[in-house]
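Visitor: Pasting the sequence and the predicted coordinates here, then a few questions.
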Amino acid sequence: MIEFKNVTKKYKNTKILDNISFVIEKNKITSLIGESGCGKTTTLKMINRLIEPTEGEILIDSVNIKKKNVIDLRRSIGYVIQQTGLFSHMTIRQNIEIIPRLEKKNEKDIEARTKEMLDMVGLEEEYLDRYPTELSGGQQQRIGIARAFENNPEIILMDEPFSALDPLTRSSLQEELLRLQETYKKTIVFVTHDMDEAIKISDKIAIMDNGKIVQYGTPEQILKHPANDFVREFVGNKRIWTSPKLIKVEDIMITNPVTCRPNFSCFYCLNKMKMSKVDSLMVVDENKKLLGVLYAEMLTGINYDGKKVSDFIENDVITTHPKDSIVDVLKLVDENKLSTIPVVDKNGILKGLITRSSLITSLSQQFLEEEE
Amino acid sequence: MEFLNYLIDNHSEIISLLIEHIELTFLSVGLAVLIGIPLGILISYIKPLGKPVLGLTNVVQAIPSMALLGFVIPFLGIGSKPAIVMVVLYSLLPIVKNTYTGIKNISPQIVEAAKGIGLTNWQVLTKVQIPQALPMIMAGIRISSVSAVGLMTLAAFVGAGGLGYLVYAGIRSANNIQILAGAIPACLLALIIDYLASLVENLVTPASMKQNTKKSFFKKPIVQKVILFLSIILIILMIIFNPIDTTKNEREITIGSMDFTEQEILSYMVKYLVEDNSDITVRQRLSLGSSSIVMGALETNDIDLYIDYTGTIYGNILKHDPNSDVQEVYDISKRELKEDYQLNLLNDLNFNNTYTLAVTKETAEKYNLKTISDLSVVAPNLIFSPTLTCMERKDCWVGLEEHYNLSFQDIIPIDGSPRYVALTNKESDVVDAYSTDGLIQKYDLVVLEDDRDFFLPYQAVPVANNRLIEEFPEVEPLLEELSHYLNDEVVRNLNYQVDENRKTPSEVAKNFLLENDLIEER
């Protein structure tokens, strides 16, 4: 856990960072994002003390980093920067092994670790004796990551590591990073100016502007509830559609579906359907727990006088969860040819309803808004 | 053919001078590297120092090398020290500048990355900055080394030896073969050093920064390493087996000489004479340049004895006005040298190497010239080529001009024997000459009589320091003895044998001593 407490950085009279306080959680990927000059890189470099704060303090696991030996601190933190971070006069092996060798660690351990790291980033051993310039940009950055992981640090700082790469390579490296994170669970602080990248890889995002953190939260929170106009503009209205997984059932469901109780008469219920212009009713008990669905077509052409809802109720209903994504719902609709899907929470309580028409309305939003 | 013969006859001398040259060059460049690289690193770290340091090294570079050499002599005396200091000062600029630029050119991101992953400042310097700047630094060392080989030829002027000795001895006696014997090995040495430095440069450049990737036999790193390794072993062996000896032996004296033939012959004479008749070992410092440099060396006890001329001491060193009274000049010089310089003027060597003016036979006949007074009449039609020393001396041109009311058509100063060449090529008509100069005989010149007693007497006199007088009293009588066999005619003939007959000063000196039974054949 990395904690910023009232950190301010001034150069002469210019405030680069203005009294920021936030907590970077352990074993998560946290992105710092903003336009150039917003202070995101300064914030990052304060963690390994390449830049010292003018005021305030930074704690790692509750220990003020000023109290640590700066060299030990840096060696316990991985550091990846744009492709220039590799030393061109050293082979790949020398680059990866520079710190453990300076620390005079056991030769065999170093070699084994290097092989493991190379394997981790998906490169062949034959690259070890080549020079950085003989590798592609993507390969170089994989080596950069391998070097950062080599000393097995708890924390890894990444300063726009993928921004100089072409989109395809960038995308594959982002996925690689996520895959690594699943296995190694590091505390990763990631500086980027690319919102798509931040949304894709981050557990949490801190949006910075003018030396301040304007919003700090999960990608979803930021997309759905931008804290102010700056964030809204920075994130962009359409951003959510680039990551549809973040659109949840609860965002698009009808929140007050028409319901009935099992002991209601069928006549009453049919009448209710006509009045509400729906073709089905959600059958719930007094606690709003979903019992089943009553479809209008079940009652057509049969005598239902005096019968109750419970006699016709369809109990075997496919449901969805409020936190499921729109992608999951679309799959359900497609596979089961459904027109309506009730939304229930984990206790079976009815929360809302997804219908084909509500889906179409939501999906069409991105195109309709664009035409405005 | 003649050149080859010269090489074969003198190969041992050439080789030992070459080795001396290599030693001096390597010492100087080595020192320049030891000073220059840290200095370059320092100014890349401490910004305010950058401009003054680079400016200073630039200024040093701009000082004429001879001037710089002259400037350090009062502090360091003569011999290898001033030569090395001069070459080090000259070599500094490319090394400092390239180190500074090499380190400055490394992207700040690389340095920050190095710090960021946890290298200490020292490790950033040694593991990242220096290796990255090394190709640039080596390029600077390479430039320095090559120019050092050339500069080191000047070492001969201060008695440090080296190939320059042959070059200047050759220029002095108008001996082109000797010039080439010094110049060609110096050129080859420069080329070889350039090649070796290029190998180092290539080896320290990481594969990724190299431009061509062609692999030939000599481009293979292993082959280059072997070549370098062998060269370094060779140089180390040379230095071990041929050390620059600066220690003084108990029973050893050092004699200096100025940079002309007569002085060299006299130096060898004294050496053979003393060594043959005593247990003293004599070391020579030949061709130390002008009288004031040699005198300086005597004052700092770099040498113990040299032969000067009364007129030079009287006019040049003691700054007296011209005086043509032989005895008075000698007496005053002796007294004042003792009082002011604690140096001892010994008895004169019985010959007078005075200034005189000389013209070709042709010119003499054309204008019917016998005396300098005759010359003053026709001077406006003639071109005068004095030596640089004569130009500025009161006892030479400065006084002469007034004394005889001379006014030439033009004055083109030329140093050394090339002025005789100018004379025979008719680019010049009148030169100053020394009365014992063998070249007068060689070029068949007419010496004009100093009919109005202008020139000072220039009696050859040994000048010695107190060490020689006190610890080696046997030397003075030997010189006294030698003087009985010398006179103007004899000395001019000895000079002629060297300058025209291409004998070495050493053999001329030895033969003369043998002929007169002053030493014994061994």
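Guide: Structure's in. What do you need?
Visitor: Could you pull out the strands in chain B for me?
Guide: With DSSP state E as the criterion, chain B has strands at B:252-256, B:281-285, B:305-309, B:344-345, B:355-360, B:383-385, B:410-411, B:430-434, B:445-448, B:460-464.
Visitor: next one: phi and psi at whichever residue of the stretch 101-250 of chain A sits closest to chain B?
Guide: Scanning the stretch 101-250 of chain A for the residue nearest chain B gives residue A:131, at 3.5 Å (criterion: CB to the nearest CB). Glycine gets a C-beta too; all of them are placed from N, C-alpha and C. Torsion angles at residue A:131 (phi, psi; degrees, to the nearest 10) stand at phi -100, psi 150.
Visitor: what about it, neighbour count?
Guide: 21 (other CB atoms under 10 Å in any protein chain shown).
Visitor: I figured it was touching residue A:87, is that so?
Guide: No: taking contacts as CB atoms under 8 Å, residue A:131 lies outside contact range of residue A:87: 9.5 Å.
Visitor: quick one, domains of chain A?
Guide: The record's domain parsing of chain A by automatic domain parsing lists A:2-243, A:250-365.
Visitor: could you measure the nearest residue to residue B:93 once chain neighbours are set aside against chain A, distance?
Guide: In space, not counting the residues next to it along the chain, residue B:93 is nearest to residue B:57; the distance is 4.2 Å by CB to CB, 6 or more residues apart in numbering or on different chains. From residue B:57 across to chain A, the span is 27 Å (CB to the nearest CB, to the nearest Å).
Visitor: Contacts only, for residue B:57.
Guide: B:92-93, B:96-97 (CB atoms under 8 Å, 6 or more residues apart in numbering or on different chains).
Visitor: how would you label residue A:302: helix, strand or coil?
Guide: coil (DSSP: H, G, I helix; E, B strand; the rest coil).
Visitor: Beta-bridge partners for residue B:356, please?
Guide: Beta-bridge partners for residue B:356, by DSSP bridges, are residue B:433.
Visitor: Low-confidence ranges, the chain, go.
Guide: Just so you know, I chose chain A. A:83-84, A:237-241, A:366, A:368-372 (pLDDT under 70).
Visitor: sorry, should have said chain B
Guide: B:172-173, B:207-219, B:241-249, B:522.
Visitor: Residue B:476 is nearest to which of the domains of chain A?
Guide: domain A:2-243 (66.9 Å; CB to CB).
Visitor: Any idea how far apart the tips of that closest one sit?
Guide: 28 Å (CA to CA, to the nearest Å).
Visitor: Show me how far it is from its chain's centre.
Guide: 16 Å (CA atoms, centre = their mean, to the nearest Å).
Visitor: quick one, which of the domains of chain A is packed in tightest?
Guide: Most buried of these by mean neighbour count (mean count of other CB atoms under 10 Å in any protein chain shown) is domain A:2-243; its value is a mean of 18.
Visitor: roughly how far apart are residue A:44 and residue A:103?
Guide: Relative to residue A:103, residue A:44 is positioned 24 Å away (CB to CB, to the nearest Å).
Visitor: picking that back up, mind checking the domains of chain A for the one nearest to residue B:445?
Guide: domain A:2-243 (66.7 Å).
Visitor: State the next helix or strand along the chain beyond the top helix by length along chain A.
Guide: Taking DSSP state H as the criterion, chain A has its longest helix at helix A:167-184. Helices and strands here follow DSSP states H and E; after helix A:167-184, the next one along the chain is strand A:187-192.
Visitor: which residues are contacting that following strand?
Guide: Against strand A:187-192 from outside (CB under 8 Å, 6+ apart): A:1-2, A:24-33, A:40-41, A:43-44, A:47, A:154-163, A:177, A:181, A:198, A:201-202.
Visitor: who touches residue 40 in this structure?
Guide: I went with chain A, as the question did not name one. Residues counted as contacts of residue A:40 (CB under 8 Å, 6+ apart) are A:32-34, A:191, A:193, A:208.
Visitor: my bad, the chain I had in mind was chain B
Guide: B:95-100, B:102-103, B:137.
Visitor: Distance-wise, check residue A:51 relative to residue A:8.
Guide: 12 Å.
Visitor: tell me what the longest helix of chain A is packed against?
Guide: helix A:137-150, helix A:195-201 (3 or more CB pairs under 8 Å, 6 or more residues apart in numbering or on different chains; DSSP states H and E).
Visitor: just checking, what packs against the longest one?
Guide: Spelled out, that is helix A:137-150. Using 3+ CB pairs under 8 Å, 6+ apart: helix A:137-150 touches strand A:77-80, helix A:92-102, helix A:107-120, strand A:155-159, helix A:167-184.
Visitor: shouldn't residue B:158 be in contact with residue B:73?
Guide: Yes: counting by CB under 8 Å, residue B:73 is a contact partner of residue B:158 at 6.5 Å.
Visitor: Give me the common contacts of these two.
Guide: With CB under 8 Å, 6+ apart, residue B:158 and residue B:73 have common neighbours B:82, B:293.
Visitor: Name the residue in these two with the higher neighbour count.
Guide: Neighbours were counted for residue B:158 and for residue B:73 using other CB under 10 Å; residue B:158 has more, 29 against 24.
Visitor: circling back to that earlier point, could the contacts of residue A:40 go into TSV alongside distance to residue B:300?
Guide: Shown next, in TSV, are those (distance: CB to CB, whole Å):
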residue	distance to residue B:300
A:32	70
A:33	74
A:34	72
A:191	67
A:193	71
A:208	72
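Visitor: so who does residue 221 touch?
Guide: You didn't say which chain, so I picked chain A. Per CB under 8 Å, 6+ apart, neighbours of residue A:221: residue A:215.
Visitor: nope, chain B please
Guide: Applying CB under 8 Å, 6+ apart, the residues near residue B:221 are residue B:203.
Visitor: For residue B:456, see how far away it is.
Guide: 67 Å.
Visitor: Using PDB, write down the CA coordinates of stretch B:9-23.
Guide: What follows is stretch B:9-23, C-alpha atoms only, in PDB (Å, rounded to 0.1, in the frame of the first residue of the first chain):
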ATOM      1  CA  ASP B   9      74.400   2.900 -41.100                       C
ATOM      2  CA  ASN B  10      72.300   4.600 -38.400                       C
ATOM      3  CA  HIS B  11      69.700   2.000 -37.600                       C
ATOM      4  CA  SER B  12      70.600   1.700 -34.000                       C
ATOM      5  CA  GLU B  13      70.400   5.400 -33.400                       C
ATOM      6  CA  ILE B  14      67.100   5.600 -35.300                       C
ATOM      7  CA  ILE B  15      65.600   2.700 -33.400                       C
ATOM      8  CA  SER B  16      66.600   4.100 -30.000                       C
ATOM      9  CA  LEU B  17      65.200   7.500 -30.900                       C
ATOM     10  CA  LEU B  18      62.000   5.800 -32.100                       C
ATOM     11  CA  ILE B  19      61.700   4.000 -28.900                       C
ATOM     12  CA  GLU B  20      62.300   7.200 -27.000                       C
ATOM     13  CA  HIS B  21      59.700   8.800 -29.100                       C
ATOM     14  CA  ILE B  22      57.200   6.000 -28.400                       C
ATOM     15  CA  GLU B  23      57.800   6.200 -24.700                       C
END
